[in-house]
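# missing the sequence, but the structure's below:
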């Protein structure tokens, strides 16, 4: 398993736990809206991501037009976390 696959697996586990689902129920195309994740749930997810990956998620992370991250689907969250990790390591 590549490092990127390991990151994605951890992100999926965080999202699945918040949505009260199993990781196997989520695909990259699964929207967070379809999982019933509200703003409070998203805040908890972002805190878990920061703690798990030792990254700092921007304050406006959920506002892509304001320089935030694309957090509309499982895949986009995985990609955003990988980008934060890459930026930290650069």
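Sure, I can see it. As the structure is a prediction and not an experimental result, all values here were calculated from the model.
# quick one: low-confidence residue ranges for the protein.
59-68 (pLDDT under 70).
# please enumerate the helices of it.
3-19, 39-53, 74-89 (DSSP state H).
# I'd like these as a markdown table, with distance to residue 25 and mean neighbour count appended.
All C-beta spots, glycine's among them, are computed from the backbone N, C-alpha and C. Listed next are the helices of the chain as a markdown table, based on distance: least, Cβ to Cβ, whole Å; neighbours: other Cβ atoms under 10 Å:
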| stretch | distance to residue 25 | mean neighbour count |
| --- | --- | --- |
| helix 3-19 | 7 | 17 |
| helix 39-53 | 16 | 15 |
| helix 74-89 | 10 | 17 |
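# select, out of those helices, the one closest to residue 28.
When these are compared by Cβ to Cβ, helix 74-89 sits nearest residue 28, at 3.1 Å.
# elements contacting that closest one?
In terms of contacts (3 or more Cβ pairs under 8 Å, 6 or more residues apart in numbering; DSSP states H and E), helix 74-89 is packed against helix 3-19, helix 39-53.
# let me have the helices of the chain in JSON lines, extended by distance to residue 33.
Below are the helices of the chain laid out as JSON lines (distance: least, Cβ to Cβ, whole Å):
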{"stretch": "helix 3-19", "distance to residue 33": "11"}
{"stretch": "helix 39-53", "distance to residue 33": "11"}
{"stretch": "helix 74-89", "distance to residue 33": "11"}
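# closest to residue 27 out of the ones you listed?
With Cβ to Cβ as the yardstick, what comes closest out of the helices of the chain is helix 74-89 (6.5 Å).
# quick one: the closest one to chain centroid distance?
8 Å (Cα atoms, centre = their mean, to the nearest Å).
# that older thread, kindly reformat the helices and strands packed on helix 74-89 as TSV containing distance to residue 79.
Listed next are those as TSV, based on distance: least, Cβ to Cβ, whole Å:
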stretch	distance to residue 79
helix 3-19	9
helix 39-53	12
